[in-house]
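Undergrad: Next one to model:
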Amino acid sequence: MGNFVVLEVVPGVFAHYAHLQPGGLMMKAGDRVQRGAVLGRLGQSGQAPLPHLHFQVSNAVTFEESEGLPFVLRAFARTGTATLGEVLDQPAKALAAPALAKPCQQELPLDGDVIVFNNDSSKSPAERLPVSGRCTCTRAVQ
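TA: Alright, predicted model coming up:
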């Protein structure tokens, strides 16, 4: 998984963010995290063939010993679907075409969905992020 951060969002529920840039993590284990906080920079660490974010919600702090849990995102836009091969063969701009965006709320993106988040610069970072509450960083690996 390369560089990653794991947050305990409520007791026994963990959000995993992986493939972050080496040296790009903005926190360490034990730090309290507020909505809108920058966790790290997107990267290509671990076995990643290109920069991307691996995100999952699970019932344990480790990737290998956990079961995935369902979750919903407050808001995002679905721009289409793509296979891994299509993602590797096309520039990201072609896959995330804003003109095709379908607004979604309180949904779980499906496997293969290409999604974008609201990057309206007139809104604060907290209003743009699909995460909420206050949580604790349980693991941060550079």
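
Undergrad: isn't residue 45 right up against residue 3?
TA: Yes - the criterion here is C-beta atoms under 8 Å, and residue 45 meets it with residue 3 at 4.4 Å. The C-beta positions use only the backbone N, C-alpha and C, and glycine is treated the same way.

Undergrad: what residues are shared contacts of those two?
TA: 18, 19, 20, 21, 22 (C-beta atoms under 8 Å, 6 or more residues apart in numbering).

Undergrad: what's the closest non-adjacent residue to the residue positioned nearest the centre of the chain?
TA: Of all residues in the chain, the one closest to the mean position by C-alpha atoms, centre = their mean is residue 55, 4.4 Å from it. Spatial nearest neighbour of residue 55, excluding adjacent residues (C-beta to C-beta, 6 or more residues apart in numbering): residue 17 at 5.8 Å.

Undergrad: Just list whatever residues bridge to the one you found.
TA: Judged by DSSP bridges, the bridge partners of residue 17 are residue 5, residue 55.

Undergrad: Need phi/psi at residue 85.
TA: phi -60, psi -40 (degrees, to the nearest 10).
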